[in-house]
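Asker: got a sequence here, can you build the structure:
(2 chains)
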There are 2 protein chains.
Amino acid sequence: MAGSYEAMWEKLNLDLDAHAGLLEVLGKFYGDIYLSQDKRLRGMEYLDFVLSEIHGLRIKELQEAKAQGRKVVGTFCVFVPEELVYAADAIQVGLCAGAEAGFDKAEKILPRNTCALIKSFVGFKLSRLCPFFESCDLIVGETTCDGKKKAYEIFGDYAPVYVMEIPQMKQACDRDLWKAEILRFKDTIENLTGRTITAESLKKAIRLINDRRRVLQRLNRLRAAEPTPISGRDVLLINQVSFYDDPARFTQKISELCDELEQKIARGEGVVDGAQRVMLSGCPMAIPNWKLPYIIESSGAVVVGEESCVGTRNTRDLVDETGETLDAMLDALVDRYMRIDCACFTPNRERLDHIVAMARELKVKGVIHYGLSFCQPYGIESFKVEKALREAGIPMLAIETDYSMEDVEQLKTRVEAFVEMIR
Amino acid sequence: MAGSYEAMWEKLNLDLDAHAGLLEVLGKFYGDIYLSQDKRLRGMEYLDFVLSEIHGLRIKELQEAKAQGRKVVGTFCVFVPEELVYAADAIQVGLCAGAEAGFDKAEKILPRNTCALIKSFVGFKLSRLCPFFESCDLIVGETTCDGKKKAYEIFGDYAPVYVMEIPQMKQACDRDLWKAEILRFKDTIENLTGRTITAESLKKAIRLINDRRRVLQRLNRLRAAEPTPISGRDVLLINQVSFYDDPARFTQKISELCDELEQKIARGEGVVDGAQRVMLSGCPMAIPNWKLPYIIESSGAVVVGEESCVGTRNTRDLVDETGETLDAMLDALVDRYMRIDCACFTPNRERLDHIVAMARELKVKGVIHYGLSFCQPYGIESFKVEKALREAGIPMLAIETDYSMEDVEQLKTRVEAFVEMIR
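Answerer: Model (predicted):
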């Protein structure tokens, strides 16, 4: 894609040589992990195309939208209420944080033992490798973990950062705080865009984002079929792309893919024979973080569910659509986002219940818990997840890793042993 | 002290053999670090006595108080409003978290890369090594960092844990949340003790705790004299003891020590000649975490200020004493604790300003920032502290360490080089 976009990337002040290198590595990685699969759905061609144009066509669309006066808002977390962004006719995109890029630069302004996701977003920005970052009019952070909370303070020297406070419990006073934060965010987006969010525009936006959630819920229901009709990494990719593709187009395309999936299921076709059904749980996997799913699916298992922010946590709950006034809709937003079962909450019993219920519904043989090194919320909570699963008679393997490829063989050995054990 | 307290420790279900070993190590450590000092104040004899009776006489006092129906509340953080505890005639004690004890057991229920302070309190409890823990009717945690927030969930299986939510910003909605948390804590303490907190009892408790803060403020003003009249580690010890000694007695004893200090200053007597004045900043140092201060004061420097929770953060701000109604006093509590400049807040500009102002007032040649390994809030914020100090022309050395003694020589080399550099 390089040829036709170089001028745009140059205008965005990317480091063109380093960026070309990144795209080459990404292309090769994608080819190995995705294009090598057998029996893929035709519908995945759209995802392949989107991925091949990840820094090209989508950025061009964003630039065209900006030329027409629309604003682009970048995020890192499922707590940021996208509905308000779209209700003000702005565009929300999830930002690159899934590859080891610019870590040398990031480690000059942050401790080395910061999680890879944080070093990645800081590294992408400092290395001028991400055209999404450079397209953003506002970057919205949140206080979901100490690492991000404190890193945003430093990151604010390099980018237009706004931080939302996420409560840590689910008491009445926490809902009040969260409502105040939602209203502050609404004001911020209105100021950024110069547009007033109305009952009409918010209603439309709620529907837009709910529709995307609904189609991903449908995908999750369908993928659960036996034999497994789609690989876990394909579904992960779909979830990852959902964060930055145009929502309406994405919903349409995934709806078509679901139609195809239904036909495949009706014909009793699976993607792999005899693979053990496992579920992933834990930290989010941002693009192009496909290491662990690839290892799992190369080790005699297939991933049939992702309990993560890039998975069910982002799609499980819909915003209530019955509200007619702006106030009612804002309350519906507040309530929907308060239901998120992030490890930032204490206690977070809901997540344990969700994991056990999901593992049972999906009839998995085991759960692989993925923790990013130095992620304390999910790292510590994994001990509780393991206990809850043990009590439910479901084996769990806890993996802690980062974005480097150095531990691939070691992880493969551990995953293979786990898959053998649950067989 | 062992002989006379063994029956009490046995009744508290301590691991007697391991506990005896701990006291022996602690005694030796204390002798090397504290009793070896020249030109100490006579007033430090009280501290030496308190320390020698740390698990003896003070525990006996707590047990006697409990026999009379009083309750004991254990804490780990300066956010827990002690005034409410004393207003209900209960006793508050800071809990042991400054030594490497029971880490093998702690690491079975928590990730290994959890900070030493957390592993320490979990380890002390699981190893049955701390009579304070065993004396507590309630242990109050807080959400100041991911590590503690999530560890308390697991720790709750082993001890009666109650968690206070600490806000992460200082907006109006945060004050509202914090007020709700203060009121919830008040109810909890009233339920625990069966006593109602009244305007009268709270007024008395506010005065009691303010008096302790005032005497520590006085100590901090006096120690700043040139030549330095008291070692930094003696002041650190005083701060550490302030967390578990009887407040009224402690205030009286430290007041006497301050009188002695004034006389010493009047005579122009210092404790060390030609030592470089430095300030400590960063993570709290719980008893018996004296490693770094000892290294610093054995390397040609003297610590003249501690910017930490076991230091100025706990004593800087008084609760307003003019309120006459219970409501007014509760509001005064809310406001006082909201002024704490913990790294849990974002942004936390106040702390940077405090550090620079303190370094200037104390006329230090440099600041040594102490970060516990895996403490993300202070670890990341240290980059901002370093920048603020650099802009003020004050050198900073960032030390990251834990409770082990393995790095002592390496730290000494670094500290000596820093002291040489700022000379």
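
Asker: now the residue nearest the centre of chain A, what's its secondary structure?
Answerer: Centroid-nearest residue in chain A: A:V310, 3.2 Å away (criterion: C-alpha atoms, centre = their mean). Three-state assignment for A:V310 (DSSP: H, G, I helix; E, B strand; the rest coil): coil.

Asker: what ranges does the stretch 151-300 of chain A have for its strands?
Answerer: Ranges of strands in the stretch 151-300 of chain A, per DSSP state E, counting those that start in this stretch, are A:161-164, A:276-282.

Asker: pick the most buried one from those.
Answerer: strand A:276-282 (a mean of 26; mean count of other C-beta atoms under 10 Å in any protein chain shown). Using the backbone N, CA and C atoms, a C-beta is placed for each residue, glycine as well.

Asker: got the CA coordinates for it in CSV?
Answerer: The C-alpha trace of strand A:276-282 is given here as CSV (Å, rounded to 0.1, in the frame of the first residue of the first chain):
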residue,chain,number,x,y,z
GLN,A,276,-9.5,-28.8,22.1
ARG,A,277,-11.9,-26.0,22.8
VAL,A,278,-10.3,-23.4,25.1
MET,A,279,-11.2,-19.9,26.1
LEU,A,280,-8.9,-16.9,26.5
SER,A,281,-9.3,-14.6,29.5
GLY,A,282,-7.4,-11.6,30.8
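
Asker: is A:D211 in contact with A:T251, as I believe?
Answerer: Yes - applying C-beta atoms under 8 Å, one finds A:D211 in contact with A:T251, separated by 4.9 Å.

Asker: neighbour count for the two, which is higher?
Answerer: Under the neighbour definition other C-beta atoms under 10 Å in any protein chain shown, A:D211 and A:T251 were set side by side, and A:T251 has more, 21 against 17.

Asker: and the longest helix seen in chain A, what other elements does it pack with?
Answerer: Looking across chain A with DSSP state H, the single longest helix is helix A:199-223. With contacts taken as 3 or more C-beta pairs under 8 Å, 6 or more residues apart in numbering or on different chains; DSSP states H and E, helix A:199-223 sits against helix A:82-87, helix A:232-241, helix A:247-266, strand A:301-307, helix A:312-315, helix A:326-338.

Asker: quick check: angle from that helix to helix A:247-266?
Answerer: Inter-element angle recorded for helix A:199-223 and helix A:247-266: 20 degrees (by axes from the mean of the first three to the mean of the last three C-alpha atoms, to 10 degrees).

Asker: please spell out which residues along helix A:199-223 are buried.
Answerer: For helix A:199-223, burial by neighbour count (16 or more other C-beta atoms under 10 Å in any protein chain shown) applies to A:199, A:201-203, A:205-206, A:208-220, A:222-223.

Asker: how far away is the residue lying farthest from the centre of chain A from chain B?
Answerer: Distance from the centre of chain A peaks at A:R267, with 31.1 Å (C-alpha atoms, centre = their mean). From A:R267 across to chain B, the span is 46 Å (C-beta to the nearest C-beta, to the nearest Å).

Asker: angles on the backbone of that residue, please.
Answerer: The phi and psi values for A:R267, taken as degrees, to the nearest 10, are phi -80, psi 0.

Asker: contacts only, for it.
Answerer: Not one residue lies near A:R267 by C-beta atoms under 8 Å, 6 or more residues apart in numbering or on different chains.

Asker: mind running it again at 10 Å?
Answerer: A:P229 (C-beta atoms under 10 Å, 6 or more residues apart in numbering or on different chains).

Asker: now do A:F132
Answerer: A:12, A:54-55, A:58-59, A:62, A:72, A:74, A:93-96, A:124, A:139, A:244.

Asker: need the next SSE after the host helix or strand of it, C-terminal direction.
Answerer: Assessed by DSSP states H and E, A:F132 sits inside helix A:131-135. Along the chain past helix A:131-135, the next helix or strand (assigned with DSSP H and E) turns out to be strand A:138-142.

Asker: just checking, what packs against that following strand?
Answerer: strand A:72-75, helix A:116-126, helix A:146-155, strand A:161-164, helix A:172-193 (3 or more C-beta pairs under 10 Å, 6 or more residues apart in numbering or on different chains; DSSP states H and E).

Asker: quick revisit: in helices, which of the contacts of A:F132 appear?
Answerer: A:R58, A:I59, A:L62, A:F124.

Asker: tell me which of the helices and strands packed on helix A:199-223 lies nearest to A:A180.
Answerer: Among those, the nearest to A:A180 by C-beta to C-beta is helix A:326-338 (9.6 Å).

Asker: by how many degrees do the closest one and helix A:172-193 diverge?
Answerer: Angle of helix A:326-338 versus helix A:172-193, following the same axes, to 10 degrees, is 120 degrees.
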